[in-house]
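Undergrad: Structure, please.
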Amino acid sequence: MKRNSEQQNEIVKEALERFETASDGWSDIYEQSVADVSFIDDDEGQWEDSVRESRHNRPCLTFDKLSASVDRVVGGQMAQMPSVKVRAAEEGDEDIAEVYQGLIRQIDQRGIQAFKTAFKFAVKSGWGCLLVDHDYIDDVSLDQDIILREIKNPFSVLLDPIIQAQHVQEARFGFMFEDMERKEFERLYPDAESYPGESDFTTTGNMDSWVSEDFVRVADYFRIVNEERTLVQLSDGRVLDLEEVQPVRDELNLKGITLGKTRKVQKRKLERFKISGMEILEEVECVGRFVPLVPMFGKTSNINGRYITRGIVRKAKDAQRLYNYSRSVAVEVTALTPKQPYFVTPAMIKGHESKWRNMMVSNDPVLQFNFDQGQKPYRESPAQGSPGLLQDAQFAAEDIKATTGIFDANIGQQGQETSGVAIGRRQFQGEMSNFEYQDQLIDSMELAGRIMIDMIPAVYDTERTIRIIGEDEREETVSVNKTLMDAQTGTFVKTMDLNAGNYDIKIASGPSFTTRKQETAEQLSSMISQNPAMSQLVGDILFQNLDLVGGDEAIKRLRSAGVKAGIIEPNQEEAVALQSQIQASKQLEQQAAQLELALKQAEVATERAEAIERESKASMNTVKTAVEQMKLAEAQEDLESKQIAQMRLRQSVGLPVI
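TA: Alright, predicted model coming up:
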């Protein structure tokens with residue numbers, strides 16, 4: 001929608017007023033949170049300026065015992081990031097829910113750094129943030145992807161202060177801003193106003209924070225607007241927007257679908273603008289019903305209407321300061337302790353003065369002296385440091401453990417516990433004392449998931465192939481929103497329609513899939529070592545949980561052998577392959593039977609041919625004998641014998657006897 005100048009001015013005015021409101025609402029929280037981050041991350045953050053100035057040219061040493069506690073909470077959570085579970089709700093489809101879940105898991109894995117950075121800030125200071133965004137895949141594509149963007153400076157984000165009292169998804173607006181160098185601003189926006197004097201809004205809001213001689217603040221302004229919509233219930237039970245139904249009303253009537261009762265509702269719609277303090281620089285395309293800035297809190301509370309969120313650092317700062325001070329003073333006292341001197345007379349070192357003067361810098365193991373009246377040089381005992389300082393440092397170290405809830409057992413150090421049970425209990429206490437950080441991470445991931453579920457139908461609204469990730473972290477591609485013709489009805493239907501049905505999200509906490517794989521491999525290896533026969537039953541599962549080169553081939557061979565032996569239930573692919581093998585085997589058996597029959601038929605034919613050949617040979621022999629007898633009779637001129645021979649010859653060749 002193209003907005004006129006007056007409408008744009010109203011949006012800028014609204015944005016500046018809301019920015020001031022949000023800034024006032026979060027100022028105390030941000031001030032404390034920034035101090036916490038500086039305390040843990042700044043090289044000189046653990047010493048107050050006034051104390052450092054009062055100890056001019058005196059030791060101000062930092063013995064950081066807090067970073068290990070922060071790293072323990074952050075690292076322990078990174079090793080077992082929660083996972084996404086999508087469930088079909090009203091008219092939802094379980095197969096489409098699987099696609100939603102795989103798509104969100106793929107988005108989460110690509111943007112996992114956004115969650116990590118936000119969680120680090122939440123643990124340190126009680127405040128982190130990330131952005132659920134969407135953008136084109138590349139400069140030559142019309143398809144978009146949902147992206148989790150890392151916010152490296154969470155204090156450059158301002159959200160509607162209403163979330164301090166209500167659920168985060170009720171936020172009405174939010175800002176993500178940066179102070180851009182003037183030259184860079186003028187390069188990116190050459191036609192934009194860059195000086196307050198050129199604008200009509202110099203009296204609105206605190207313009208000093210938006211424009212200076214060197215910088216111009218540029219902000220992404222997100223706001224929720226309510227649009228009045230009319231819902232209508234169709235006779236087939238569907239509830240749709242009346243504006244969407246009106247154009248196809250006639251087609252619905254032809255199908256016997258009529259319109260039923262209606263209801264007016266306020267529909268939330270997200271709008272996004274890139275603004276300076278003077279004007280709208282750009283109206284950014286966006287979809288959804290929620291402000292896509294996802295906050296991540298620490299341990300929260302409310303004191304008489306004053307919202308509080310803190311990290312692990314805040315309550316331990318005094319103990320850390322005392323530890324640094326006690327150790328620094330102890331070092332100072334030790335350094336100022338006089339060196340242990342020798343008491344000598346001039347006669348004792350006479351002739352050896354040079355060695356005695358250089359004894360503190362010389363490596364010569366021999367130090368000569370002279371006896372003076374039977375006496376030799378001697379030393380006084382040195383002054384002792386203050387045991388109270390070391391005791392204070394020990395107490396401070398214990399206070400740090402108590403306030404953070406992280407004990408020696410939690411960071412792998414040897415504590416007072418000796419048995420494995422005692423160590424496990426102390427570790428459990430540490431985990432439970434900081435469980436709220438994990439709970440806040442789960443809440444933020446759930447909100448991000450809801451925002452993504454709201455965005456997915458609008459972002460992935462065309463026929464396309466998307467990449468999803470299964471629970472076993474295997475990638476696959478799925479075609480969505482594909483239109484096919486029903487062969488029976490002749491109508492076109494959309495398969496894997498991401499816009500069909502409603503879906504809900506749940507976050508499952510616990511060890512990551514990689515950690516569970518390692519634990520499963522260890523347990524299966526132990527079971528197989530105790531009972532080797534189990535390798536036939538679970539050998540393929542063991543290899544699935546071992547990251548080995550050639551592991552896939554080993555799994556394939558183990559499963560093939562198990563399926564053939566009837567030990568392993570085949571999956572769909574294996575069942576198809578097994579059926580193909582059975583059919584091929586039957587075909588071979590049929591071919592073998594046909595070949596055997598042909599061989600037998602050939603043997604019978606051979607035997608017949610041999611019998612005919614024998615009969616032919618016998619007939620030839622008979623003819624030959626008769627001819628010889630005729631020749632003999634002719635030779636003897638025996639007429640009777642000749643007649644008899646002729647008669648036999650005619651009989652032998654099958655001629656009638658004359």
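Undergrad: Show me where the stretch 351-500 of the chain has its strands.
TA: 378-379, 464-469, 475-480, 482-485, 492-495 (DSSP state E, counting those that start in this stretch).
Undergrad: and among those, the most buried is which?
TA: Among the strands of the stretch 351-500 of the chain, ranked by average contacts under mean count of other CB atoms under 10 Å, first place goes to strand 464-469 (a mean of 16). C-beta: built from backbone N, CA, C; applies to glycine.
Undergrad: circling back to that earlier point, want to try TSV for the strands of the stretch 351-500 of the chain, with distance to Leu16 and mean pLDDT as columns?
TA: Below are the strands of the stretch 351-500 of the chain laid out as TSV (distance: least, CB to CB, whole Å; pLDDT from 0 to 100):
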stretch	distance to Leu16	mean pLDDT
strand 378-379	76	80
strand 464-469	40	87
strand 475-480	42	85
strand 482-485	47	72
strand 492-495	45	68
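Undergrad: Of all those strands, which one comes closest to Asp71?
TA: strand 464-469 (28.2 Å; CB to CB).
Undergrad: Looking at the strands of the stretch 351-500 of the chain, spot the one closest to Glu186.
TA: strand 464-469 (39.2 Å).
Undergrad: Quick one: residues in contact with stretch 599-609.
TA: Outside stretch 599-609, not one residue touches it by CB atoms under 8 Å, 6 or more residues apart in numbering.
Undergrad: Oh, that last question was meant for stretch 237-256, not what I typed.
TA: Contacting residues not belonging to stretch 237-256 are listed as 229-235, 258-259, 262 [CB under 8 Å, 6+ apart].
Undergrad: Which of the residues you listed sits closest to Cys286?
TA: Distance to Cys286 across the contacts of stretch 237-256 (CB to CB) is lowest for Arg229, with 18.5 Å.
Undergrad: is it true that that closest one lies in a strand?
TA: Yes: the assignment for Arg229, made by DSSP: H, G, I helix; E, B strand; the rest coil, places it in a strand.
Undergrad: Span of stretch 148-167 from start to end?
TA: Start-to-end span of stretch 148-167 (CA to CA, to the nearest Å) is 21 Å.
Undergrad: So for that stretch, what gets flagged as buried?
TA: Neighbour counts over stretch 148-167 (16 or more other CB atoms under 10 Å) mark 148, 151, 154-155, 157-164 as buried.
Undergrad: One more: stretch 252-260?
TA: 257, 259.
Undergrad: now do stretch 239-251
TA: Of the residues in stretch 239-251, Val245 count as buried by neighbour count, 16+ other CB under 10 Å.
Undergrad: so Leu595, which of the three states?
TA: helix.
Undergrad: just how off-centre is stretch 30-42 within its chain?
TA: Computed by CA atoms, centre = their mean, to the nearest Å, the separation of stretch 30-42 from the middle of its chain amounts to 28 Å.
Undergrad: which residues are contacting it?
TA: 45-46, 64, 66-67, 70, 121, 124-127, 155, 309-311, 313-314, 317, 320.
Undergrad: do that again at 10 Å, thanks
TA: 23, 26, 44-48, 62, 64, 66-67, 69-70, 120-128, 154-155, 157-158, 298, 308-314, 316-317, 320-321 (CB atoms under 10 Å, 6 or more residues apart in numbering).
Undergrad: Among the residues you listed, name the ones in helices.
TA: Here DSSP state H is the test, and the contacts of stretch 30-42 give 23, 26, 67, 69-70, 120-125, 317, 320-321 as lying in helices.
Undergrad: Filter those down to the buried ones and hand me the PyMOL line.
TA: Command for PyMOL, covering only those of these found buried under the criterion 16+ other CB under 10 Å:
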select buried, resi 23+26+69+70+120+121+122+123+124+125+317+320+321
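Undergrad: quick one: which of the ones in helices among the contacts of stretch 30-42 is nearest to Ala561?
TA: Lys120 (48.4 Å).
Undergrad: which SS class is the nearest residue to the closest one once chain neighbours are set aside?
TA: Leaving aside its chain neighbours, Lys120 sits nearest to Val74 (5.5 Å; criterion: CB to CB, 6 or more residues apart in numbering). Following three-state DSSP, we place Val74 in the helix state.
Undergrad: Kindly report the same for the one 10 residues further on.
TA: With three-state DSSP as the basis, the three-state label of Val84 is strand.
Undergrad: Leaving out sequence neighbours, find the closest residue to it.
TA: Of all residues not flanking Val84 in the chain, Ile104 sits nearest, at 5.0 Å (CB to CB, 6+ apart).
Undergrad: for the host helix or strand of the one you found, what is the average pLDDT?
TA: Per DSSP states H and E: Ile104 is located in helix 94-110. Mean pLDDT, helix 94-110: 88.
Undergrad: how about that helix: buried residues?
TA: Within helix 94-110, the residues scored as buried using 16+ other CB under 10 Å are 96-108.
Undergrad: ok, so what distance separates Leu131 from Ile151?
TA: 6 Å (CB to CB, to the nearest Å).
Undergrad: intersection of neighbour lists for those two?
TA: Joint contacts of Leu131 and Ile151 (CB under 10 Å, 6+ apart) are 114, 118, 157, 176, 293-294.
Undergrad: which one of these is nearest Leu588?
TA: Ala114 (58.4 Å).
Undergrad: Just confirm the closest one contacts Ile146, I think it does.
TA: No: using CB atoms under 10 Å as the test, Ala114 is too far from Ile146 to be in contact (12.0 Å).
Undergrad: what helices or strands is the helix holding Ile104 leaning on?
TA: Helix 94-110 is packed against strand 83-88, strand 144-150, helix 435-459, strand 464-469, strand 475-480, strand 503-508, with contacts defined by 3 or more CB pairs under 10 Å, 6 or more residues apart in numbering; DSSP states H and E.
Undergrad: tell me the angle the fourth one makes with helix 94-110.
TA: Which is strand 464-469. Inter-element angle recorded for strand 464-469 and helix 94-110: 70 degrees (by axes from the mean of the first three to the mean of the last three CA atoms, to 10 degrees).
Undergrad: what's the angle from strand 464-469 to strand 144-150?
TA: 40 degrees.
Undergrad: Need the CA coordinates for strand 464-469. PDB is fine.
TA: This file holds the C-alpha atoms of strand 464-469, laid out as PDB (Å, rounded to 0.1, in the frame of the first residue of the first chain):
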ATOM      1  CA  ARG A 464       8.800 -25.600  -4.300                       C
ATOM      2  CA  THR A 465      11.300 -28.200  -2.900                       C
ATOM      3  CA  ILE A 466      12.500 -27.500   0.600                       C
ATOM      4  CA  ARG A 467      15.200 -29.100   2.800                       C
ATOM      5  CA  ILE A 468      14.100 -30.500   6.200                       C
ATOM      6  CA  ILE A 469      16.000 -32.200   8.900                       C
END
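Undergrad: Measure how the helix holding Ile104 sits relative to strand 503-508, angle-wise.
TA: Using the same axes, to 10 degrees: helix 94-110 against strand 503-508 is 50 degrees.
Undergrad: Measure how far helix 94-110 is from the centre of its chain, please.
TA: The answer for helix 94-110 is 11 Å, by CA atoms, centre = their mean.
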